[in-house]
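Asker: quick one: sequence and predicted model below, then my questions.
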Amino acid sequence: MEGQTGGALSVGVPRETAPGERRVALIPDTVKKLTSSGVQVKVERGAGEASGHADEAYQAAGATIVPDAQQAFDAAVVIKVQKPDASELALLPRGSTLIALLQPMTNLDLVQQLADKNITAFSMDAIPRTTRAQSMDVLSSQATVAGYKAVLMAADTLPKFFPMLTTAAGSITPAKVLVVGAGVAGLQAIATARRLGAVVEAYDTRPVVKEQVESLGAKFVDIPVDTSDTQTAGGYAKEVSAETLRKQQEVLADHAAKSDVVITTAAVPGRAAPRLISKETVERMRPGSVIVDLAAETGGNVEVTRAGETVLHDGVAVMGQLNLPSTMPVHASQMYAKNIQNLLALLIKDGAFAPDYEDEIVKGTVITRGGEVVHEMTKQRLAEAGGKAGASNGGTSSASAGTTPQSTAAPAPRG
């Protein structure tokens with residue numbers, strides 16, 4: 001049965017095994033709300049240690065600590081941060097429910113395997129971008145962490161002060177920061193850079209965000225391109241024309257050349273990141289300048305980005321670190337768990353797993369159900385791949401400059 005195995009509903013929280021992943025899907029506060037409603041929660045030993053949550057805290061919240069992943073996965077509903085690897089997929093009981101960041105449009109093999117195993121899978125990076133769903137929006141919560149951390153990394157690497165200083169040894173001019181993409185991560189980057197005293201300018205293809213950029217004390221970069229069709233009805237960024245991309249690159253090159261720090265955040269769901277900063281543009285920047293590319297996992301917005309590395313190109317440090325939310329696991333886990341809690345409020349009623357699949361949020365988030373792929377955008381990608389899983393995102397593509405956590409969709413601007 002879908003999510004219900006008889007008796008009390010069981011929820012499993014395995015320890016994350018992806019390299020470098022320090023977050024946990026549920027924190028003790030969230031567990032307490034579930035157990036108090038009659039749900040049985042099983043947490044794998046040590047699952048919360050990297051994010052500051054001891055096993056004893058989970059036990060105090062009513063959870064049962066189990067010694068291994070096999071027992072954590074032996075549940076009606078399994079909740080994770082990262083998508084399951086092959087060994088974890090094998091542990092998922094047939095007919096159970098999985099909630100995680102599945103990135104379904106770029107993990108077609110996984111999606112097909114989940115369907116074949118009759119898993120009801122919900123992907124937290126597919127939450128509709130609506131006002132009602134904001135409290136469940138993992139992309140936005142984790143992008144907040146990424147945008148904040150990106151600026152701290154840049155400030156730590158830049159061989160200059162961020163703020164203006166007037167000292168007996170002379171005056172120090174403030175650093176100049178360019179943020180490309182003014183969605184959630186971009187807006188957080190703008191706010192953080194401004195708090196550190198930098199002069200900030202930002203660009204986004206969506207003119208509606210100009211007011212938000214300026215309200216944070218940054219200058220909005222105007223590029224005369226067609227912005228009438230830069231996001232989907234669901235709030236995700238869309239690919240733009242080659243001509244629009246060319247104009248973006250041209251103007252951004254001039255602004256980047258004058259900047260001490262560039263932070264890029266543009267991504268499109270299920271596609272390679274748009275290439276906005278060329279190698280030649282990097283070479284125009286002053287030695288000692290810093291670029292933080294938040295789209296590194298999907299190919300990068302910068303031509304010389306290498307995923308997971310910091311490269312020095314012509315004196316410019318280009319940082320392509322992955323999974324920045326995991327570097328701040330305490331608050332990243334707190335926010336992720338809250339998003340999960342709010343989604344579970346739609347899925348669990350009176351201690352039983354009872355989703356309303358006609359609800360717009362539930363319908364938009366469920367990827368596989370009843371042995372089939374039911375998510376429309378994922379079905380479209382499968383069709384593009386000839387109905388076969390295994391297509392990958394290679395090369396570059398045109399896209400609007402939105403803002404995302406790693407390898408996810410661009411959120412609509414929000415106040």
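Answerer: Thanks, I have it. Everything quoted here is computed from the prediction, not taken from an experiment.
Asker: show me what the least confident helix or strand in the chain by mean pLDDT is packed against.
Answerer: Taking mean pLDDT, DSSP states H and E as the measure, the chain has helix 242-257 as its least confident helix or strand, at a mean of 88. Where contact means 3 or more CB pairs under 8 Å, 6 or more residues apart in numbering; DSSP states H and E, helix 242-257 is packed against strand 176-180, strand 199-203, helix 279-284. Heads up, the C-betas are built off the backbone N, CA and C, glycines and all.
Asker: tell me which residues in that helix are buried?
Answerer: If you call a residue buried by 16 or more other CB atoms under 10 Å, then helix 242-257 has these buried ones: 244-245, 247-249, 251-253, 255-257.
Asker: ok so, going back, could I get the helices and strands packed on helix 242-257 in JSON lines, plus columns for mean neighbour count and mean pLDDT?
Answerer: Output for the helices and strands packed on helix 242-257, formatted as JSON lines (neighbours: other CB atoms under 10 Å; pLDDT from 0 to 100):
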{"stretch": "strand 176-180", "mean neighbour count": "28", "mean pLDDT": "98"}
{"stretch": "strand 199-203", "mean neighbour count": "24", "mean pLDDT": "97"}
{"stretch": "helix 279-284", "mean neighbour count": "16", "mean pLDDT": "96"}
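Asker: now those as TSV including distance to residue 170?
Answerer: Output for the helices and strands packed on helix 242-257, formatted as TSV (distance: least, CB to CB, whole Å):
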stretch	distance to residue 170
strand 176-180	19
strand 199-203	18
helix 279-284	27
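Asker: right, and those - which one's nearest residue 104?
Answerer: Between residue 104 and the helices and strands packed on helix 242-257, the tightest spacing by CB to CB is seen for strand 176-180, at 26.3 Å.
Asker: what sits up against the closest one?
Answerer: Surrounding strand 176-180, the residues in contact under the criterion CB atoms under 8 Å, 6 or more residues apart in numbering are 151, 154, 186, 189-190, 193, 198-204, 218, 221, 252, 255-256, 258-266, 276-277, 301, 401.
Asker: cool, stretch 349-360 as well?
Answerer: Contact with stretch 349-360 is made by 2-4, 8-9, 37-39, 76-77, 97, 128, 130, 132, 346-348, 362-363, 366, 369, as judged by CB under 8 Å, 6+ apart.
Asker: which of the helices or strands spans the nearest residue to residue 52 once chain neighbours are set aside?
Answerer: Distances taken as CB to CB, 6 or more residues apart in numbering put residue 330 closest to residue 52, at 4.9 Å, once the chain neighbours are dropped. Using DSSP states H and E, the element containing residue 330 is helix 329-347.
Asker: which positions within stretch 108-124 qualify as buried?
Answerer: By neighbour count, and taking 16+ other CB under 10 Å as the criterion, the buried residues in stretch 108-124 are 108, 110-115, 117-124.
Asker: using neighbour counts, trim the contacts of strand 176-180 to the buried set.
Answerer: Among the contacts of strand 176-180, those buried by neighbour count (16+ other CB under 10 Å) are 151, 154, 186, 189-190, 193, 198-204, 218, 221, 252, 255-256, 259-266, 276-277, 301, 401.
Asker: show residues contacting the helix or strand containing residue 262.
Answerer: Under the criterion of DSSP H and E, residue 262 resides in strand 261-264. The contact list for strand 261-264, computed with CB under 8 Å, 6+ apart, reads 147, 150-151, 154-155, 158, 175-181, 186, 189, 193, 198, 256, 276-277, 285, 289-295, 300-302, 401.
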